[in-house]
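Engineer: Sequence plus the predicted model coming up.
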Amino acid sequence: MALQISATNPEQPAVLLDLPWNVPLDEWPEEYLVALPRGISRHVVRFASAGAEVVAVKEITSRVAAREFGLLRDLHRLGIPAVAPVAVVTGRVDTDGEVLESALITRHLKGSLPYRSMFESTLRPTTVKRLMDALAVLLVRLHLAGFAWGDCSLSNALFRRDAGAYAAYLVDAETGELHQNLSPGQRDYDIELARMNISGELMDLEASGALHPSIDPVPFGAAIVQRYEELWHEVTRESVYPVDKRHYIDRRIRRLNDLGFDVEEMQIERSPQGDTVTFLPKVVDAGHHQRQLLRLTGLDAEENQARRLLNDLESWLAGEDDYAPGDPLGARPEVLAHRWVRDVFRPTVRAVPRELRGEMDAAQIYHEVLEHRWYLSERAGSDVGLEATIEDYVAHVLPHTSTALTPPPENVTSSRGY
């Protein structure tokens with residue numbers, strides 16, 4: 001039986017061949033291994049050096065390895081936070097000719113920890129809650145993509161610090177299934193499994209003395225259900241706004257961004273009573289907004305600036321009569337985007353006197369104006385429009401900033417308030 005390595009990168013097999021595939025994984029010599037925290041797994045898992053990278057190697061049957069490898073590739077294609085698949089190794093035999101199990105290889109997620117390593121020092125209840133929030137966000141992302149996890153638990157995820165919160169990554173897709181869409185029953189099944197698994201894991205920690213005494217495993221396990229339902233409702237609900245309440249759309253987008261979701265598409269249906277706005281959130285990769293803005297408009301901006309500008313562009317496009325996504329007779333998005341640059345973006349930037357701009361570039365100026373528009377609209381209870389926003393911004397905000405990079409003093413009554 002010949003050893004076979006099926007890899008995502010054509011350069012990987014040569015590096016992976018140096019690993020001792022003729023030895024059972026739990027007997028690999030220390031010289032190949034890397035000492036990193038490991039979570040609980042039903043299979044043998046080891047971290048090893050593969051060239052300049054650290055990889056996780058898991059022994060499983062060839063059929064299961066190939067299936068999980070394919071699912072992880074699908075998740076990465078969909079932009080879901082998960083460990084990156086590297087290769088599947090089959091045809092393993094030991095020195096006596098005995099057949100060994102196949103191996104699934106994934107890339108080690110730098111800076112991540114399994115939950116048990118995090119509980120080595122007793123975590124405060126607020127920190128445990130942030131872990132649950134991160135897992136709930138991951139589960140919502142998976143379900144939006146049509147992925148039924150089948151075994152959501154703390155053990156099957158890795159956690160990485162994300163500013164003051166945590167981000168969760170799927171590490172075990174063995175029981176998962178990818179569908180076009182999930183039914184309510186499939187989602188409910190995943191949620192119920194998560195509740196039971198998490199409560200059980202917290203009970204184990206409690207028995208070992210690693211759980212904060214104020215944490216009750218059952219209510220904490222059940223809390224993920226409530227958090228999930230809140231998130232799912234927020235990202236899938238249909239919102240109806242009056243025509244003059246455009247700033248409500250901005251508020252909704254901000255709330256979704258704060259929850260960890262980027263709004264890639266907004267479907268707006270007009271009616272005599274108002275605008276029906278349906279948000280279709282999609283998690284996108286780092287730098288996505290920069291690349292998309294550059295492709296559509298030619299504007300080169302920082303990621304957060306680009307996201308804010310794209311949100312405004314999307315709202316503006318929805319009001320254009322010749323904007324018809326999917327209609328071959330409609331205007332191309334690039335054409336409309338350049339119209340937005342010509343008719344909206346550039347006139348707004350030019351309306352701000354050069355002597356008041358300081359070190360701000362055009363993208364930052366427009367971003368600041370949008371922020372001020374949102375603040376004024378919230379205060380007025382209706383959309384104040386760009387012209388009024390620019391006039392107030394130039395008259396009351398910029399004069400109070402020495403470098404046009406810091407917000408005005410708090411005692412300036414017409415300042416932006418954010």
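Structural biologist: Good, I have the coordinates.

Engineer: rest of the way, CA atoms for contacts and neighbours
Structural biologist: Noted.

Engineer: Just give me the neighbour total for Glu359.
Structural biologist: 12 (other Cα atoms under 10 Å).

Engineer: Checking it next. Helix, strand or coil?
Structural biologist: For Glu359, the assignment made with DSSP: H, G, I helix; E, B strand; the rest coil gives coil.

Engineer: distance of it from Ile365?
Structural biologist: Glu359 is 10 Å from Ile365, where distance means Cα to Cα, to the nearest Å.

Engineer: List the contacts of stretch 94-112.
Structural biologist: 21-24, 47, 53-62, 65-66, 69, 83-93, 158-161 (Cα atoms under 8 Å, 6 or more residues apart in numbering).

Engineer: From these, list just the buried residues.
Structural biologist: Among the contacts of stretch 94-112, those buried by neighbour count (16 or more other Cα atoms under 10 Å) are 21-22, 24, 47, 54-60, 62, 65-66, 69, 83-93, 158-160.

Engineer: In helices only, show me those residues.
Structural biologist: Mapping the buried ones among the contacts of stretch 94-112 onto helices (DSSP state H) picks out Ser62, Ala65, Ala66, Phe69.

Engineer: Quick check: the second one touching Thr90?
Structural biologist: If I follow you right, that is Ala65. No. Using Cα atoms under 8 Å as the test, Ala65 is too far from Thr90 to be in contact (9.0 Å).

Engineer: ok, Tyr366 - contacts?
Structural biologist: Counting by Cα under 8 Å, 6+ apart, Tyr366 touches Leu309, Phe345, Thr348, Val349.

Engineer: Would you confirm that Leu19 belongs to a strand?
Structural biologist: No. Counting by three-state DSSP, Leu19 is not part of a strand but coil.

Engineer: Trp232 sits in which helix or strand?
Structural biologist: Using DSSP states H and E, the element containing Trp232 is helix 217-236.

Engineer: gap between the next helix or strand after that helix and the chain center?
Structural biologist: Scanning forward in sequence from helix 217-236 by DSSP H and E, the next helix or strand is strand 238-241. Relative to the chain's own centre, strand 238-241 is displaced by 24 Å; criterion: Cα atoms, centre = their mean, to the nearest Å.

Engineer: Could you do stretch 28-40 as well?
Structural biologist: With Cα atoms, centre = their mean as the basis, stretch 28-40 stands 29 Å off its chain's centre.

Engineer: ok, residues contacting it?
Structural biologist: Contact with stretch 28-40 is made by 19-20, 45-49, 54, 113-117, 155, as judged by Cα under 8 Å, 6+ apart.

Engineer: And the lengthiest helix in the chain, what does it pack against?
Structural biologist: Longest among the helix segments of the chain by residue count, using DSSP H, is helix 184-208. Counting contacts by 3 or more Cα pairs under 8 Å, 6 or more residues apart in numbering; DSSP states H and E, helix 184-208 is packed against strand 147-148, helix 217-236.

Engineer: and the angle from the last one to helix 184-208?
Structural biologist: The directions of helix 217-236 and helix 184-208 differ by 150 degrees, with axes from the mean of the first three to the mean of the last three Cα atoms, to 10 degrees as the criterion.

Engineer: Just the buried residues of helix 217-236, please?
Structural biologist: Buried residues in helix 217-236, defined by neighbour count with 16+ other Cα under 10 Å: 217, 220-225, 227-228, 231-232, 234-235.

Engineer: Compile the residues you listed into a markdown table and extend it with columns for distance to His247.
Structural biologist: Output for these, formatted as a markdown table (distance: Cα to Cα, whole Å):
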| residue | distance to His247 |
| --- | --- |
| Pro217 | 41 |
| Phe220 | 36 |
| Gly221 | 37 |
| Ala222 | 35 |
| Ala223 | 32 |
| Ile224 | 31 |
| Val225 | 31 |
| Arg227 | 26 |
| Tyr228 | 27 |
| Leu231 | 21 |
| Trp232 | 23 |
| Glu234 | 17 |
| Val235 | 18 |
